[in-house]
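*Asks:* Sharing a model prediction with you, sequence too.
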Amino acid sequence: MSQPEATAHVGDRQADPRIGERLQLTSSKRRDARTTAGASLHDKLRPGGVFAQWIQLYRLSPDLLKSTVATDTAVLPHAIGFQTAAADLMLVGSVEPLPADYPTLAARLARPGVATGLRRMRIRDVGDLAQYRGQRPRRVRTTSHPRRRRRSRRPGCRRRRAGRRRLLADRGPGHGSGRGPGQPGLSGPPAAETPPDRRALRGGWYPESVPFEPTWIRTPDEAHALAQELVGVAAVAIDTEADSLHHYPERLCLVQVADPAGRVYLVDALALPDLEAFRAICADRATFKVLHSADNDLAHLKRRFGLKFEGLDDTLLAARFLGVRELGLERLLAQYLGIQAVKSQQKTDWARRPLTAAQKAYAADDVRHLIPLRDRLLEEIRAVGREAWYREECAAVAALPAPERAPDENGYRRIRGAGRLDHRGLSVLRAVHVQRESWALGERRPPFKVLSPETLLALAVQVPRERGDLGRIPGLPPRLVERYGDGILAAISRGLAEPVGEPPRPPRRPQPAPPALLRARADALRRCRAQAAERTGLDPGFLLPQRLIDALAAAPPPDVARLAAVPGFRRWRAESLGIEILEALASAKGS
């Protein structure tokens, strides 16, 4: 341990194959790697022998992963890396070059079982297999931020930058650039003096043949070609980007797709007339569709393109069944994969073309890591025996209908302050609200960007009759008076013309207080839910939502079979909580 380049690793042998029953040493120098961790590997290989190692990337830290690859490639100079999924790496290496018998390989690839397995690694023929020979995997920055950074004018920052430049100069050419001499790879051993790259991979290793930049799909021919490429894959990650902040009604602008090998495709929903090419994949149960918080994305795809979905994996639901409290995708990626997501771009204009570099990076990162995240979450779900629960809930989400949204005719009633208006004021408010909706649809702008709710309320309170009076209304500058003045005055006239005796809204009916027995049942169910949540570690609102508590308190089922038939209750709740719920309902006493 006196050598500065030596590192000791003690840990799980399954996570690090270089660790034996006792401590072993790994060195960054090529000669040391042969005499320590790789010595036994080098000595045990017979002439012409091949070494294969399967590495699950999410189990290893970036430093340990780099050390593993550096050691193996130092001992085995002829090494190839196969990306089997976004969280798995297969290293195959030998001491001497291996001849490639392509006719024999073609015959083996023709076997159905072999072909199916290799197709999941994007290998369809001998040509695809040959592309891996001599390829060097590249490091991928999962954050994907633009490389250009804003320079600070503070002297301290300039000194730190100058110090880093001197440090990189001392370390030799190629370091810190992600490429060039000294970068560890699978086509040869790294330089002995090259320290770890600060921008090393944090999310996974991708072969050079897998482009990190997303591929645009803008034409029907490109969509059909992508659909053919995805036939037979085990899983497809999907996400959507819609815009309701800059356009009205809401527009589906982009559909992101990622395959198990890490390839990302940006399907331009504004350029394509439909997504018929992907209908078969969406309905194929053998290909899992992996989404995060799938209900909103599926609603967009069903409503806009009429797609139907089978075989859904929702990483948010998976995290719920593990009792995770922070359910955002950014937090899950950091917790389970150690990946730092890019900065959110949700409030940007997704209908504008071309997209910015930050938007493309955000869109790609939303799907690039979903499949390995799903795999990691599924491992824990199976460990706690809740996969059947999870599958049932995913199937229910996939089957949810997505009807067209009906016009909100009573939206004016929810404007703050509308409850204080009299009948005449409500009639005026409704008329200008309807007029604003018409303008918003014609201009394809959100209604609040046409006239604010505060401006509508002020119009209903002051009821201006002349164009000159509009200038005193808050939120109506001269440019808006010039643009909408005549229409506003006409809408006010229509509102005033309504009969005074006919209120624009029905009278409120007082809601009777729930009977004592119903309150007692609801309280008993909430106590039962709290106990079950503490026992299972699940969120109480997810374990037994309030809507189910209200339904069960109003009509208690007599047995578990009837309990499971309650709409939205699910079999997994009946199997895990059925007896407790029935006992809680039976114990409730009303006064």
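*Replies:* Received the coordinates, thanks.

*Asks:* Would you tell me what the next helix or strand after the helix or strand where Leu459 lies is?
*Replies:* Element membership for Leu459 (DSSP states H and E) is helix 453-462. As assigned by DSSP H and E, the chain's next helix or strand after helix 453-462 is helix 478-497.

*Asks:* Measure how buried the nearest residue to Lys308 once chain neighbours are set aside is and give me the count.
*Replies:* Distances taken as Cβ to Cβ, 6 or more residues apart in numbering place Ala283 nearest to Lys308, at 5.3 Å, with adjacent residues excluded. Yep, even glycine has a C-beta here, placed from its N, CA and C like the rest. Applying other Cβ atoms under 10 Å, we find 14 residues neighbouring Ala283.

*Asks:* let's have the chain start at 378 instead
*Replies:* Sure, I'll start numbering at 378, so the last one becomes Ala660.

*Asks:* What pLDDT is listed against Ala660?
*Replies:* We note a pLDDT of 96 for Ala660 in this prediction.

*Asks:* Was I right to think it contacts Lys679?
*Replies:* No - counting by Cβ atoms under 8 Å, Ala660 sits too far from Lys679 to count as a contact (11.9 Å).

*Asks:* Can you list the buried residues in stretch 638-648?
*Replies:* Using 16 or more other Cβ atoms under 10 Å as the test for burial, stretch 638-648 gives Ala638, Gly639, Arg640, Val641, Tyr642, Leu643, Val644, Asp645, Ala646.

*Asks:* low-scoring pLDDT stretches of the stretch 378-527 of the chain, where are they?
*Replies:* In the predicted model, the stretch 378-527 of the chain carries pLDDT under 70 at residues 378-421, 434-437, 460-465, 475-480, 483, 487, 489-490, 492-527.

*Asks:* Neighbours of the closest residue to Asp936 other than its chain neighbours, how many?
*Replies:* Excluding the flanking residues, the one nearest Asp936 by Cβ to Cβ, 6+ apart is Leu959, at 7.2 Å. Look at Leu959: counted by other Cβ under 10 Å, it has 20 neighbours.

*Asks:* next one: Gly819
*Replies:* Neighbour tally, Gly819, other Cβ under 10 Å: 10.

*Asks:* okay but Val840 is in contact with Ser870, surely?
*Replies:* No - if you go by Cβ under 8 Å, Val840 and Ser870 don't touch, sitting 10.1 Å apart.

*Asks:* Quickly find the element holding Asp690.
*Replies:* Going by DSSP H and E, Asp690 is in strand 689-691.

*Asks:* Which neighbouring elements make contact with that strand?
*Replies:* Contacts defined by 3 or more Cβ pairs under 8 Å, 6 or more residues apart in numbering; DSSP states H and E place strand 689-691 against strand 665-668, helix 671-682, helix 764-775.

*Asks:* List the buried residues for the second one?
*Replies:* Within helix 671-682, the residues scored as buried using 16+ other Cβ under 10 Å are Ala671, Asp674, Leu675, Ala676, His677, Leu678, Lys679, Arg680, Arg681, Phe682.

*Asks:* residues making contact with it?
*Replies:* 615-617, 619, 629, 632, 646, 651-653, 659, 668, 684-686, 689, 691, 693-694, 771, 774-775, 777-781 (Cβ atoms under 8 Å, 6 or more residues apart in numbering).

*Asks:* Going by neighbour count, which of those residues are buried?
*Replies:* 615-617, 619, 629, 632, 646, 652, 659, 668, 684, 686, 689, 691, 693-694, 771, 774-775, 779.

*Asks:* Strands - which of these land there?
*Replies:* Mapping the buried ones among the contacts of helix 671-682 onto strands (DSSP state E) picks out Ile615, Asp616, Thr617, Ala619, Leu629, Val632, Leu668, Leu689, Asp691.

*Asks:* The protein - how does it break down into domains?
*Replies:* Domains of the chain are assigned by automatic domain parsing as 383-548, 592-775, 788-874, 893-964.

*Asks:* deepest of those domains, which one?
*Replies:* For these, average neighbour numbers computed from mean count of other Cβ atoms under 10 Å are highest in domain 592-775, which has a mean of 19.

*Asks:* For Asn673, give its distance to Ala429.
*Replies:* 43 Å (Cβ to Cβ, to the nearest Å).

*Asks:* swap in Arg813?
*Replies:* From Arg813 to Ala429 the distance is 67 Å (Cβ to Cβ).

*Asks:* same check, this time on Tyr789
*Replies:* Taking Cβ to Cβ, one finds Tyr789 at 68 Å from Ala429.

*Asks:* cool, and Lys724?
*Replies:* 47 Å.

*Asks:* same thing with Ile792?
*Replies:* Counting by Cβ to Cβ - Ile792 and Ala429 are separated by 67 Å.

*Asks:* Can you report phi and psi for the closest residue to Gln839 other than its chain neighbours?
*Replies:* Using Cβ to Cβ, 6+ apart and skipping residues adjacent in sequence, the residue nearest Gln839 is Ile850, 6.5 Å away. Dihedral angles of Ile850 (phi, psi; degrees, to the nearest 10) stand at phi -80, psi 130.

*Asks:* I'd say Ile850 and Pro841 touch.
*Replies:* Yes - using Cβ under 8 Å, Ile850 makes contact with Pro841 at a distance of 6.5 Å.

*Asks:* the inter-axis angle of whatever helix or strand the residue nearest to Asp936 lives in versus helix 764-775?
*Replies:* Element membership of Leu959, judged by DSSP H and E, is helix 948-964. Helix 948-964 and helix 764-775 are oriented at 100 degrees to each other (axes from the mean of the first three to the mean of the last three Cα atoms, to 10 degrees).

*Asks:* Report all helices and strands that helix 948-964 contacts.
*Replies:* Partner elements for helix 948-964 (3+ Cβ pairs under 8 Å, 6+ apart): helix 764-775, helix 893-913, helix 923-931, helix 937-941.

*Asks:* What pLDDT is listed against the closest residue to Arg950 other than its chain neighbours?
*Replies:* Nearest non-adjacent residue to Arg950, counting by Cβ to Cβ, 6+ apart: Leu921, 7.1 Å away. Reported pLDDT at Leu921 in the predicted model: 97.
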